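Trainee: here is the input, now give the coordinates:
(one chain, ligands or ions: 1)
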Amino acid sequence: MIVDPIRSGGVVPESVKRSLLEYLNGYSVCMYCPGDLHKITKPNIKRLIQVDLPEFMGADVVRLVHGAREAFFTVFYALFKEHVLTRGDRAPVIVVDGNTHYSLELAAERSLLKIIETETSGYPLFKVGLEHYEEALESVVEEHGKPPLVTCITYPDGKYGNFPDNIKGIIKLAREHGSYTLINAAYSIGRMPVSLRDLEADFIVGSAHKSMACSGPLGVLGMREEAASLVLKRSVRHPSKEVELLGCTVRGLPAVCLIMVMPYLRRRVKEWERVVDLARYFYERAERELGLMLLGEKPHSHDLLHFETPAFYKISLKLRDRFFLYKELKKRGIIGVKPGITKRIKLSTYLLNREEVDYVLDSLREILELGEGD
Ligand SMILES: Cc1ncc(COP(=O)(O)O)c(C=O)c1O
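Mentor: Residues are numbered from 1 along each chain as shown. Just a heads-up that it's a prediction; the model follows:
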């Protein structure tokens with residue numbers, strides 16, 4: 001049973017696994033390539049990126065990349081060249097929320113961009129809202145006299161599973177300031193219904209190995225038409241190739257995996273309400289009966305749950321073994337709590353059923369009992 005937030009959404013359905021063996025070899029999708037990976041029809045990557053994914057993500061234009069971080073870098077670097085180096089009309093700065101992922105920050109560093117992080121409401125909710133973005137956007141304009149190149153919003157974040165308050169308001173505000181907007185939906189696309197068009201941002205990024213039931217590395221970059229035209233410039237020397245994608249991105253099995261799991265993904269995002277209900281059931285019982293304390297927003301709206309667990313830490317001191325929690329869970333067939341961590345743990349209830357969630361709760365209760373007595 002996998003309860004690891006980063007792995008629970010990336011499990012490939014058994015029904016697909018065996019057919020994928022045919023695509024294990026290198027360049028396995030390239031046999032009938034007309035010169036651009038995104039135009040291959042056998043296997044049908046063209047349909048995937050022109051029909052299936054645009055519909056699924058509400059985007060005008062979609063490209064496959066090697067992961068969410070590669071999508072961030074692709075966008076940042078292309079916009080940096082256009083708006084900072086060439087036109088000089090935007091500051092070489094991105095604004096990010098205080099719960100952003102390190103990989104987005106690395107993509108910015110690699111693109112020579114400075115990072116301005118918003119405040120959050122702090123412990124224990126760590127919420128981010130419009131007022132936090134307003135402050136950060138204003139500070140960039142004040143310092144540079146130009147808007148930040150991109151405003152990035154994590155939806156939801158990977159630390160607490162929080163959604164920002166008033167995301168549409170944040171996007172509107174960033175646009176009014178003259179900044180592009182990018183939604184990091186690594187933890188949402190493939191788990192729940194998400195649409196770039198509804199959110200009215202310029203870019204949206206998903207991680208297929210995290211949330212789209214796919215082998216990796218694979219990510220999806222969704223764009224609005226006008227934004228795409230800046231990022232997807234064609235090579236002068238090789239006009240069939242898009243420069244920022246280095247011609248071709250995912251040249252094998254993960255692309256086929258995504259084609260095969262699309263029908264499953266369409267079905268599973270419809271179950272999102274049930275997923276959230278089960279996560280709530282889990283943390284409410286964990287708090288009430290086991291004394292664990294959920295960090296992040298309440299009511300929570302995602303399966304990523306981050307708990308403070310001082311009782312487990314105390315047991316680790318008593319047993320002089322900080323790996324005890326990992327080992328005890330593993331004995332019970334539960335995988336995903338990081339070895340050696342006991343003060344705070346992250347858990348996901350994604351794809352578990354009610355019985356399995358009860359089993360995890362019972363297991364945690366049994367493990368807590370190890371701390372009883374002298
Ligand atoms: C919120 C968030 N964004 C981005 C990433 C990076 O995803 P990828 O491995 O596809 O680059 C992660 C990975 O853990 C994440 O949690």
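Trainee: count the residues that sit near residue 320.
Mentor: Counted by other Cβ atoms under 10 Å, the residues lying close to residue 320 total 7. Any C-beta I mention is one placed from the backbone N, CA and C, and that applies to glycine too.
Trainee: and it, how far is that from residue 56?
Mentor: According to Cβ to Cβ, to the nearest Å, residue 320 stands 50 Å off from residue 56.
Trainee: how about the residues of this structure by the ligand?
Mentor: By Cβ under 6 Å from any ligand atom, the residues of the chain that approach the ligand are 6, 67-69, 101, 103, 154, 157-158, 184, 186-187, 207, 210, 219.
Trainee: and which of the residues you listed is nearest residue 298?
Mentor: Residue 298 lies nearest to residue 157 out of the residues of the chain next to the ligand, by Cβ to Cβ, at 15.2 Å.
Trainee: so who does the closest one touch?
Mentor: 97, 99-101, 187 (Cβ atoms under 8 Å, 6 or more residues apart in numbering).
Trainee: what is the nearest of the residues you listed to the ligand?
Mentor: residue 101 (3.5 Å; Cβ to the nearest ligand atom).
Trainee: isn't residue 33 up against residue 41?
Mentor: No: assessed by Cβ atoms under 8 Å, residue 33 is found out of contact with residue 41, at 9.8 Å.
Trainee: three-state assignment of the residue in the stretch 151-300 of the chain positioned nearest to the ligand?
Mentor: As assessed by Cβ to the nearest ligand atom, the ligand sits closest to residue 158 within the stretch 151-300 of the chain, at 2.8 Å. Recorded secondary structure, residue 158: coil (DSSP: H, G, I helix; E, B strand; the rest coil).
Trainee: so it sits against residue 304, correct?
Mentor: Yes: with contact defined as Cβ under 8 Å, residue 158 and residue 304 form a contacting pair (6.9 Å).
Trainee: thinking again about what came up before, which among the residues of the chain next to the ligand count as buried?
Mentor: Buried residues within the residues of the chain next to the ligand, counting neighbours by 16 or more other Cβ atoms under 10 Å: 6, 67-69, 101, 103, 154, 157-158, 184, 186-187, 207, 210, 219.
Trainee: what are the boundaries of the helices in the stretch 201-350 of the chain?
Mentor: Ranges of helices in the stretch 201-350 of the chain, per DSSP state H, counting those that start in this stretch, are 208-211, 225-231, 253-269, 272-290, 310-319, 324-331.
Trainee: my guess is residue 223 contacts residue 54, does it?
Mentor: No: at 9.8 Å, residue 223 does not count as touching residue 54 under the criterion of Cβ under 8 Å.
Trainee: where does pLDDT dip in the stretch 151-300 of the chain?
Mentor: For the stretch 151-300 of the chain, applying pLDDT under 70 flags no range at all.
Trainee: which one's more surrounded, residue 223 and residue 54?
Mentor: Taking other Cβ under 10 Å, residue 223 and residue 54 do not tie; residue 223 has more neighbours (28 against 18).
Trainee: and the more buried one, what does it touch?
Mentor: 59-63, 196, 202-204, 231-232.
Trainee: shared neighbours, residue 223 and residue 54?
Mentor: Shared contacts of residue 223 and residue 54, counting by Cβ under 8 Å, 6+ apart, come down to 60-62.
Trainee: compare the residues you listed and tell me which is most surrounded.
Mentor: With neighbours taken as other Cβ under 10 Å, the top of the shared contacts of residue 223 and residue 54 is residue 62, carrying 24 neighbours.
Trainee: any idea how far the closest residue to that one other than its chain neighbours lies from the ligand?
Mentor: Closest residue to residue 62 apart from its sequence neighbours, by Cβ to Cβ, 6 or more residues apart in numbering: residue 53 at 4.2 Å. As judged by Cβ to the nearest ligand atom, to the nearest Å, residue 53 and the ligand stand 15 Å apart.
Trainee: please, which helix or strand holds residue 53?
Mentor: helix 53-57 (DSSP states H and E).
Trainee: which strands or helices does that helix pack on?
Mentor: With contacts taken as 3 or more Cβ pairs under 8 Å, 6 or more residues apart in numbering; DSSP states H and E, helix 53-57 sits against strand 61-65, strand 219-223, helix 253-269.
Trainee: list the buried residues in it.
Mentor: Buried residues in helix 53-57 (16+ other Cβ under 10 Å): 53-54, 56-57.
Trainee: closest one of these to residue 253?
Mentor: For the buried residues of helix 53-57, the nearest to residue 253 is residue 53 (17.4 Å; Cβ to Cβ).
Trainee: contacts only, for residue 338.
Mentor: Going by Cβ under 8 Å, 6+ apart, residue 338 touches 326, 345-346.
Trainee: centre of the chain to stretch 252-263, how far?
Mentor: Put simply, stretch 252-263 sits 18 Å off its chain's centre (Cα atoms, centre = their mean, to the nearest Å).
Trainee: oh, I was asking about stretch 51-58
Mentor: 17 Å.
Trainee: same question for that stretch, mean pLDDT?
Mentor: Mean per-residue pLDDT for stretch 51-58: 98.
Trainee: list the contacts of it.
Mentor: Residues contacting stretch 51-58 (Cβ under 8 Å, 6+ apart): 59-62, 189, 194-199, 204, 206, 220, 222, 259, 262, 265-266.
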